[in-house]
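Chemist: coords please:
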Amino acid sequence: MDDIKPGELYPEVSKRDFIKRLAEKLDVSQEQAYYIYNGFMNTLAETLLNNEGVVLYKIGKFEIKQSNLRKARNYFNNNEIVDVPPRPYVKFKFAREFKALYRKYNTGRDENGPKRDN
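Modeler: Just a heads-up that it's a prediction; the model follows:
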């Protein structure tokens, strides 16, 4: 992480690379890390599909929200105005601690402190 300068665009990490990092951090095999990752993702998806929110301490929370009824134009049928019904969607809100940690590494600033020297 020291080779990434603050403010640079961060590369995306693939699922495979993430599982490799997870295996190293947990000191388990990649196969075990794969099962841990998939178990977490499946549990998260099932919980959200049951219209329940998920709170991950110091990371953030997933909430189920409902969109509003809105009007749209049907371009395939003489530009007829149609109602688009409300639908559920998932919203993620970062925790304050996670935002502060990200800000510290991305900008070199603590939440309220001065810019740190690199």
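Chemist: how close does Glu46 get to Gln30?
Modeler: Using C-beta to C-beta, to the nearest Å, one gets 24 Å for the distance from Glu46 to Gln30. (Each C-beta comes from the backbone N, C-alpha and C, glycine too.)
Chemist: the longest helix in this structure is where?
Modeler: Longest helix in the chain by number of residues, with DSSP state H as the criterion: helix 30-49.
Chemist: Can you pull the phi/psi pair for the residue nearest to the spatial centre of the chain?
Modeler: Centroid-nearest residue in the chain, with C-alpha atoms, centre = their mean: Phe92, separated by 6.3 Å. The phi and psi torsions at Phe92 (degrees, to the nearest 10) take the values phi -110, psi 130.
Chemist: these two touch, right, it and Leu56?
Modeler: No - counting by C-beta atoms under 8 Å, Phe92 does not reach Leu56; the two are 9.7 Å apart.
Chemist: Work out for me the element Glu97 sits within.
Modeler: Secondary-structure assignment from DSSP states H and E places Glu97 in helix 96-107.
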